[in-house]
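*Asks:* Got a predicted model here, sequence first, then my questions.
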Amino acid sequence: MEKKFVYADYAATAPVSDEVLKIMLPYFTESFGNPSGVHRASRMAAKAVAESRRKIAAAIGADYSEIYFTSGGTEADNWAIKCTSGGIVTTNVEHKAVLNSCKIRGNTTYLSADREGFVSAAQVEKAINQDTSMVSVICANNEIGTVMPIEEIGQICREKGVVFHTDAVQAIGNIPIDVRKMKFDMLSCSGHKIGAPKGVGFLYVRKGTNLEAFIHGGSQEFGFRAGTENVPAIVGLGEAVKLACERVTENAEYTRKLRDRLIDGLMQIPDARLNGSRENRLCGNVNVSFADVESEAVLLMLDSAGICASGGSACTTGDDKPSHVLTAIGVEEKYLSGTVRFTLSYRNTADEVDYIIEKTAETVEKLRKIRGI
């Protein structure tokens, strides 16, 4: 096969889709008013923000007034965690946005995930006590793709009267989301994973859930987050969420077949390990570890072959410490340094998957020979 360009890092970011870009463009140069003004240009911008809020609410089963725009998933996670005053129950495989926010807050109980990255509803129930005010469990893990038993956890939190927050950054567009059915009280989303631009996201907050102002100043976002709205990005986010939720079943079914094809191929490489659940994982996530190689070397050689992948979460790039997720689930030391995360989407093809398998096998073999293995 000739060298080609294959993007397999969709968990890090996705391109802005043509449909989203088209709907955004007028708000850069034509309908550019400040939504907080009173004249016609401002009213047009305010109407666009309101329409985006409605689209998102409809897509996830929420109400209009329960959607708060943010700069992305990290801000949404920080906002949710930092507005609770009591104890927090979370897991040791959360995104760093949750873990570091909990570290600052203190009074946090960390539940240990099993070897596939799961935390059970029973673990959550046992950890809740009179001081617990929030449970925060990631919907689907950003590194290993494990999908948590969210509905069961939501039911327990509702019965216990505890706020249930989830980081759904990797979930939206990959699994169906219904905030009522899943009994979420708070949910974080980032736009650039689903075809919206970087720098925009939202926090869903169920009516009646305590929320504190996160940025002080003007009256934007119902008085809870001050600052002039990024209208083009918000417009793009609304359309991206709408399309992602409308097409989730079709896209996930297609991507799942590519994922399984990739897993089957990579597992033919000697001394390879699949991280996370084989079955109950995100449709596009393939996180594998190879013994006796370094992930940085693998990624550089794959990049030279035109393949874009990552060593784990894009948010931890440059950190020379082993992945906290892989460490938490007990991945053996010989595999920790040789981890590669491929994340696919409906944009990929079977030929691209076969190319990834071919070049990864060649790369691992070459690197092991260099080390005399």
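*Replies:* In hand now; what should we look at? Just so it is clear, the structure is predicted and the values come from calculations on it, not from any experiment. Residues are numbered from 1 along each chain as shown.

*Asks:* What score does the residue lying closest to Gly195 once chain neighbours are set aside have for pLDDT?
*Replies:* Setting aside the residues directly before and after it, Gly195 is nearest to Ser17 in space (C-beta to C-beta, 6 or more residues apart in numbering), at 3.8 Å. Backbone N, C-alpha and C define where each C-beta goes, glycine included. According to the prediction, Ser17 has pLDDT 96.

*Asks:* which helices and strands sit right next to the helix or strand of the chain with the lowest mean pLDDT?
*Replies:* Least confident element among the helices and strands of the chain, by mean pLDDT, DSSP states H and E: helix 333-336 (a mean of 93). Judged by 3 or more C-beta pairs under 8 Å, 6 or more residues apart in numbering; DSSP states H and E, the packing partners of helix 333-336 are strand 285-290, helix 324-328.

*Asks:* Now do the buried residues in the last one.
*Replies:* Along helix 324-328, the positions that meet the burial threshold by neighbour count (16 or more other C-beta atoms under 10 Å) are His324, Val325, Leu326, Ala328.

*Asks:* Find the nearest non-adjacent residue to Gly86, please.
*Replies:* Gly86 sits nearest to Ser133 (C-beta to C-beta, 6+ apart), 2.9 Å away.

*Asks:* Number of residues surrounding that neighbour?
*Replies:* 16 (other C-beta atoms under 10 Å).

*Asks:* Give me the distance from the helix or strand hosting it to the chain's centre.
*Replies:* Per DSSP states H and E, Ser133 falls inside strand 132-136. The gap between where strand 132-136 is centred and where its chain is centred comes out at 20 Å by C-alpha atoms, centre = their mean, to the nearest Å.

*Asks:* One more: stretch 272-289?
*Replies:* With C-alpha atoms, centre = their mean, you get 15 Å for stretch 272-289.

*Asks:* Strands of the stretch 151-300 of the chain, start to end?
*Replies:* 163-167, 186-190, 201-205, 272-274, 285-290 (DSSP state E, counting those that start in this stretch).

*Asks:* Report all helices and strands that the shortest one contacts.
*Replies:* What that stands for is strand 272-274. helix 248-266, strand 285-290.

*Asks:* could you say what helices and strands the first one packs with?
*Replies:* For helix 248-266, the helices and strands in contact under the criterion 3+ C-beta pairs under 8 Å, 6+ apart are strand 272-274, strand 285-290, helix 350-370.

*Asks:* Those: which one's closest to Lys207?
*Replies:* Proximity to Lys207 (C-beta to C-beta) singles out strand 285-290 among those, at 33.0 Å.

*Asks:* shaky segments in the chain?
*Replies:* Residue ranges of the chain with pLDDT under 70: 1-3, 312-320.

*Asks:* wait, what's in contact with Ile56?
*Replies:* Ala62, Ile67, Phe202, Leu237, Gly238, Val241, Lys242 (C-beta atoms under 8 Å, 6 or more residues apart in numbering).

*Asks:* will you turn those into TSV that also has neighbour count and distance to Phe118?
*Replies:* TSV is the format used below for the contacts of Ile56 (neighbours: other C-beta atoms under 10 Å; distance: C-beta to C-beta, whole Å):
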residue	neighbour count	distance to Phe118
Ala62	23	27
Ile67	25	29
Phe202	31	27
Leu237	33	30
Gly238	31	33
Val241	29	27
Lys242	18	31
